[in-house]
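**Q** got a sequence here, can you model it:
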Amino acid sequence: MTEILSLPILVGLIAVALAFDFLNGLHDAANSIATIVSTRVLRPSYAVFWAAFFNFIAFLFFGLTVAETVGKGIVTPDIVTPGVIFAALTGAIAWNVITWVLGIPSSSSHALIGGLVGAGIARAGFGAVVWSGFGKTAAAIVLSPLFGFVLALLLVAAVSWIFVRSTPLAVDKTFRTLQFISAALYSLGHGGNDAQKTMGIIAVLLYSQGYMPGGFHVPFWVVISCQAAMALGTLFGGWRIVHTMGSKITRLTPMQGFCAETGGAMTLFLATWLGVPVSTTHTITGAIVGVGAARRTSAVRWNVASNIVFAWVLTLPAAGLIGAGTYLVVRAVS
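**A** Next up is the predicted model:
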């Protein structure tokens, strides 16, 4: 039976979802600005404003296919209750906080998906999961960093060939300017894919409460609220993770930063067009490793990269367990 909430509690749950979106922006600010900061093209205080602006306006460029996937393509909408949503958000937020404190660039997206699946299974068993949608999302754990890696590697090769007769100073100057464009594109991709995940969560909550008699859709006020919450989170930055992404994996030049951001942005644009909720963290990490490996394999600190991959693998089950545990506690006390 559907749990019908009073309006204040419903508003409170939406506020929790927006808090997750804010934390997503805070946690993933490194994805958008790590390369442009590490190459010293922009100071961190300016870089976050640049990224936040393009995070916010991303809804002007993309449809809502990712929001629809999260809202009705991960778990069956009919089993979603406020308790499931609260548990899913708790699992995602808890895992985000843990990895943020430790400075580990894990995936906010997969934390949310893991929390939602864990809470859904705790309520209705494994039949609650839409396996086609979940499988597509899980496959993206491997495919999005791989795409980012390959595209960044190819871009480095192409750019190196095009500028083979240019002096290092001329190349550096050119790509310091071009990095403004690549960082903007990546921030658009980040805002376009990541903010939609929270849109899907809020939309399915409203659907479960009977606020969508015409069928599942994402109201415009939900779109604007989620984009604004993510942009605000980006403004506050995630400096520990910026350091990991921007310098611990490999040292970057402006040319390499441009190639990493452009390869990552192309991957995110494709995923958003296909409606796949991918991890922006995975994508940019794969791209950064790609530009480092293009120089030489020893330029990549593989021990750091392997620790990040371990966190990726752990994210879905860890957030899922927290989400399932939270739902069981909520059901026991309600």
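**Q** all helices for the stretch 101-250 of the chain, in order.
**A** 108-124, 131-162, 168-208, 220-236, 239-243 (DSSP state H, counting those that start in this stretch).
**Q** for these, which one ends up most surrounded?
**A** helix 108-124 (a mean of 28; mean count of other CB atoms under 10 Å). From N, CA and C alone the C-beta is placed, and that goes for glycine too.
**Q** what angle separates that helix from helix 220-236?
**A** 130 degrees (axes from the mean of the first three to the mean of the last three CA atoms, to 10 degrees).
**Q** and helix 108-124, what other elements does it pack with?
**A** With contacts taken as 3 or more CB pairs under 8 Å, 6 or more residues apart in numbering; DSSP states H and E, helix 108-124 sits against helix 7-38, helix 65-72, helix 82-102, helix 131-162, helix 168-208, helix 280-295, helix 302-333.
**Q** and those helices as JSON lines, adding distance to residue 262 and mean pLDDT?
**A** Formatted as JSON lines, the helices and strands packed on helix 108-124 follow (distance: least, CB to CB, whole Å; pLDDT from 0 to 100):
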{"stretch": "helix 7-38", "distance to residue 262": "10", "mean pLDDT": "80"}
{"stretch": "helix 65-72", "distance to residue 262": "21", "mean pLDDT": "89"}
{"stretch": "helix 82-102", "distance to residue 262": "26", "mean pLDDT": "86"}
{"stretch": "helix 131-162", "distance to residue 262": "6", "mean pLDDT": "88"}
{"stretch": "helix 168-208", "distance to residue 262": "5", "mean pLDDT": "89"}
{"stretch": "helix 280-295", "distance to residue 262": "8", "mean pLDDT": "80"}
{"stretch": "helix 302-333", "distance to residue 262": "20", "mean pLDDT": "80"}
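**Q** before we move on, the earlier item: quick one: the helices of the stretch 101-250 of the chain as a markdown table, columns for distance to residue 275 too.
**A** Converted to a markdown table, these look like this (distance: least, CB to CB, whole Å):
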| stretch | distance to residue 275 |
| --- | --- |
| helix 108-124 | 13 |
| helix 131-162 | 9 |
| helix 168-208 | 9 |
| helix 220-236 | 16 |
| helix 239-243 | 27 |
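**Q** I appreciate the help and will end here.
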